[in-house]
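Asker: The following comprises the amino acid sequence and a computationally predicted model.
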Amino acid sequence: MADKLDYIFVLKALRDIPFGVGKKLLINYLQGKTGHESILKNKLNKLNSFGSLAYDDEELGRLISNLILNHLIKQVPIQGNRFWKVMELSKEGHEEINNPKLYKKKISYNMGSKTTEITEQDRQLFTAFGSFLNKYNDEQKKAIICNKNHILCIAGAGSGKTTVLTKKIEFLVNYQSVNPRKILAITFTRKAKQEMQHRLENFDDVAIETFNSFCEKVLKRYNDLIYDRQVIMINYRDKINIIRSALSNLGINMDSAINQYFSMNQKRGKTQEQLANIFMNDCFFVRDYLKSKEQSSEDFDTSNAAAKLVFSVGNYIDGYMKKHGKRDFTDQVIDTIKLFEENEELIPQYDYILVDEYQDINPSQIKLIELLNSDFLFCVGDPRQSIFGWRGSSVNYILDFDKKYPGAETITLTKNYRSNKHIVDLINKSITEMGLLDLESTFDGEKNVNLLGFKSEGNELNFVIDKITNSELPREEIFVLARTNRQLAELSNQLKLVGIKHIVKSDEIRRTTSVKKGEITLATIHAIKGLEAEMVFVIGCTSLNFPCRGSEHPVIDMIKINEYDKEEEEKRLFYVAMSRAKNHLFLTYYGKKHTHFISDSMLDLIEKDSIKVSANDSKSLGKNNKCKGASGNLHNRLKEWRYDISLDLGVPAFMIMHDKTLIDLVQNTPSTKQELESIHGMGPTKIMKYGDELLDLINNI
């Protein structure tokens, strides 16, 4: 167990060192090196934890990053320079030394490889059901006809889980004479529900629901037993009105709330409307989180202004919704549980319950399934694709299924029908520590797996646009995936400049969107789960994005949801991104180094002819691309100009000039200082400092 607990030595080192330190000093200290002047000067080599870990720089760097990601180490700005930060032990870090918990959250230590046994009796049954099962593989066949009371189907990416789920229902009705009215199939999203309904259009009596649609029907039917008034679902307009009312009650406006709540970096690249939307969603999130955990804001530190603001608004939301008879998604599940606990005779009786995406289930949803208490339970999911821990989901439910249900049958689907062999081999290597059986591709395909590095983010995006423009694939068969909404906004701006139609699916877009012919999809990885495309770009594969250290949702850090290892979830997110690709996969990054999630064993599988595109190479990208035009070139030149100035001044690029200003310059191409005055964000000071340079850049394109 010693290697699992090595991170404790890092925490002890920070406890022992009497001042905040940078990463390089901490690494040298842990390695027992005296080359760093601060070590001898401050006699750090005399401390007990000096030289306590024999790891190389890269290994220690990853270990430290993971501890920062999990809030055991905090980064604090140096007095007088908020852009330089040092590391200190957090309150949680001190507690971890005395009572280690992080290693217990690492699912890689409690996974087991479970091979599905196909017996001779199984094969005889497969034959007996003839054409009903003919086109399925043996593991799928067994999942469809297995009659154990509790079954877990571990369905890897592209392995046909929806097919198995719907065929299982057909089998129950047609071959086991289960009353269709006694079957409940439950999933998470409206899209998944609609897909199952489409495949089971001849089975109208089967209840196919999301958790929320199931609960909403129950609450509408028994409204008067649980509420003292008519209660209805809240809508988007209601949410906006409640937030406005809450802020008015606190005596502030939305702009002030945004400035209190978000850091400068979190505001970067977002409009006021986008920030207002994130703020609104976060306030509702904290209200729902407290309700689901049966906690109050008093259980959390609300000493800083941002925390005090969001918890105050969350409390207002809760009071308003009770007073005005409103409920949201969290209320649906919690109130249904309360109704069933107090009125057991109202619990609907199902002979068979099937649960989709079981890896994403949360404690409230588990409680609901327990209350329904069906004799037969069939759950489908993939631990490798558990990516919603930050929203309260727990991968442990799928990992511990056989502990909860002793004697349960576990059936593993390993044949991948989506991606070619080269992509499947790569994604297997990306997640080997989970201990699950490797997926097997069902076709070879052409090897087109690429890792490409660029000097700057602008060059990286130029390459993506160039590949899209010159691809003969239908545009709807192209995905561009990013870790953050900021990256998406940046790429979307560039695509607009060159006239490429696209659709954005971000974490903040809750409405259903459909992809039209001729549109590429851009999406965050959380938003694209479950979809697939011929060609997939995963952009920004740097250590800043994978794992993503920052958050666009400050409330997540305020309440410190820490029931899971954040780095492991980030790695699963990278797996989900890559596994969307059928035949063409491009992993791109900018700067000196790609994410450590791309291991040496993965590099061995990546196309040897992948070109590391240099700055000079990038200038030639798209020269013959008529669609790109001068506007794209000007935008890139402006970004490079802004970046150079930011390096000279030692400040972030967005503080020099906002992205919206650059776009306005490209779209209007001013030719005089007078015309510069009409550009967004170009006041007299900026025109005096940068006007001549900007006009030179614009006129020379």
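Answerer: Done, it's in.

Asker: Strands of the stretch 501-650 of the chain, residue ranges please.
Answerer: With strands called from DSSP state E, counting those that start in this stretch, the stretch 501-650 of the chain shows them at 502-505, 520-524, 533-538, 581-590.

Asker: Mean neighbour count and distance to residue 281 for these - can I get that in a markdown table?
Answerer: Placement of C-beta: from N, CA and C, glycine included. Output for the strands of the stretch 501-650 of the chain, formatted as a markdown table (neighbours: other C-beta atoms under 10 Å; distance: least, C-beta to C-beta, whole Å):
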| stretch | mean neighbour count | distance to residue 281 |
| --- | --- | --- |
| strand 502-505 | 18 | 16 |
| strand 520-524 | 24 | 14 |
| strand 533-538 | 24 | 25 |
| strand 581-590 | 23 | 29 |
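
Asker: Would you mind identifying the helix or strand in the protein with the lowest mean pLDDT?
Answerer: Lowest mean confidence among the helices and strands of the chain (mean pLDDT, DSSP states H and E): helix 615-620, at a mean of 44.

Asker: three-state assignment of the spatially closest residue to residue 211 that is not a sequence neighbour?
Answerer: For residue 211, ignoring the flanking residues on the chain, the nearest one in space by C-beta to C-beta, 6 or more residues apart in numbering is residue 365 at 5.5 Å. Following DSSP: H, G, I helix; E, B strand; the rest coil, the label given to residue 365 is helix.

Asker: again with residue 295
Answerer: Of the three states, residue 295 takes coil according to three-state DSSP.

Asker: Look up how far residue 242 lies from the closest residue in space to it that isn't next to it in sequence.
Answerer: Nearest residue to residue 295, sequence neighbours excluded (C-beta to C-beta, 6+ apart): residue 289, at 7.9 Å. Applying C-beta to C-beta, to the nearest Å, the value for residue 289 to residue 242 is 17 Å.

Asker: So for these two, which sits in the more crowded spot?
Answerer: Each of residue 289 and residue 242 has its neighbours counted (other C-beta atoms under 10 Å); residue 242 has more, 21 against 18.

Asker: wait, doesn't that one sit right on residue 320?
Answerer: Yes. Counting by C-beta atoms under 8 Å, residue 242 does reach residue 320; the two are 5.3 Å apart.

Asker: Now do the helices in the stretch 51-200 of the chain.
Answerer: 57-69, 91-98, 102-105, 120-128, 138-145, 161-174, 190-199 (DSSP state H, counting those that start in this stretch).

Asker: most neighbours per residue, which of these?
Answerer: helix 138-145 (a mean of 23; mean count of other C-beta atoms under 10 Å).

Asker: To residue 603, which of the helices of the stretch 51-200 of the chain lies closest?
Answerer: helix 57-69 (14.1 Å; C-beta to C-beta).

Asker: Just the C-alpha atoms of that closest one, please, in PDB.
Answerer: Output in PDB follows, covering the C-alpha atoms of helix 57-69 (Å, rounded to 0.1, in the frame of the first residue of the first chain):
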ATOM      1  CA  ASP A  57      10.600  15.500 -12.100                       C
ATOM      2  CA  GLU A  58       7.700  14.500 -14.300                       C
ATOM      3  CA  GLU A  59       6.300  12.000 -11.900                       C
ATOM      4  CA  LEU A  60       6.400  14.400  -8.900                       C
ATOM      5  CA  GLY A  61       4.900  17.100 -11.100                       C
ATOM      6  CA  ARG A  62       1.900  15.000 -11.900                       C
ATOM      7  CA  LEU A  63       1.600  14.000  -8.200                       C
ATOM      8  CA  ILE A  64       1.600  17.600  -7.100                       C
ATOM      9  CA  SER A  65      -0.900  18.600  -9.800                       C
ATOM     10  CA  ASN A  66      -3.300  15.900  -8.700                       C
ATOM     11  CA  LEU A  67      -3.100  17.100  -5.100                       C
ATOM     12  CA  ILE A  68      -3.900  20.700  -6.300                       C
ATOM     13  CA  LEU A  69      -6.800  19.300  -8.400                       C
END
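
Asker: The helices of the stretch 51-200 of the chain: lowest mean pLDDT?
Answerer: Mean pLDDT per stretch puts helix 102-105 lowest among the helices of the stretch 51-200 of the chain, at a mean of 75.

Asker: Run through the helices of the stretch 201-350 of the chain in chain order.
Answerer: Using DSSP H, counting those that start in this stretch, the helices of the stretch 201-350 of the chain run over residues 211-221, 223-226, 236-250, 254-261, 264-267, 272-293, 305-324, 329-342.

Asker: Name the residues of the longest one that are buried.
Answerer: To tie it back to what came earlier, the one meant is helix 272-293. For helix 272-293, the neighbour count (16 or more other C-beta atoms under 10 Å) marks 274-292 as buried.

Asker: which residues of the stretch 601-701 of the chain score low on pLDDT?
Answerer: Counting by pLDDT under 70, the stretch 601-701 of the chain shows low-confidence ranges at 608-632, 650-652, 701.

Asker: what about 50?
Answerer: 611, 614-628 (pLDDT under 50).

Asker: What's the separation between residue 246 and residue 295?
Answerer: 20 Å.

Asker: Quick check, central residue of the chain?
Answerer: residue 526 (4.1 Å; C-alpha atoms, centre = their mean).

Asker: Check the gap between that one and residue 123 for me.
Answerer: 41 Å.

Asker: Please apply the same query to residue 242.
Answerer: Taken as C-beta to C-beta, the span from residue 242 to residue 123 is 60 Å.

Asker: Check residue 316 too.
Answerer: 63 Å.

Asker: Kindly tell me how buried the closest residue to residue 687 other than its chain neighbours is, as a neighbour count.
Answerer: Leaving aside its chain neighbours, residue 687 sits nearest to residue 676 (5.2 Å; criterion: C-beta to C-beta, 6+ apart). Residue 676 has 21 neighbours, counted by other C-beta under 10 Å.

Asker: In contact with residue 676, which residues?
Answerer: 670, 682, 687, 691, 694-695 (C-beta atoms under 8 Å, 6 or more residues apart in numbering).

Asker: run the last query once more with 7 Å
Answerer: Taking C-beta atoms under 7 Å, 6 or more residues apart in numbering, we find residue 676 in contact with 670, 682, 687, 691, 694.

Asker: same question, residue 326
Answerer: Applying C-beta under 7 Å, 6+ apart, the residues contacting residue 326 are 231-232, 234, 238.
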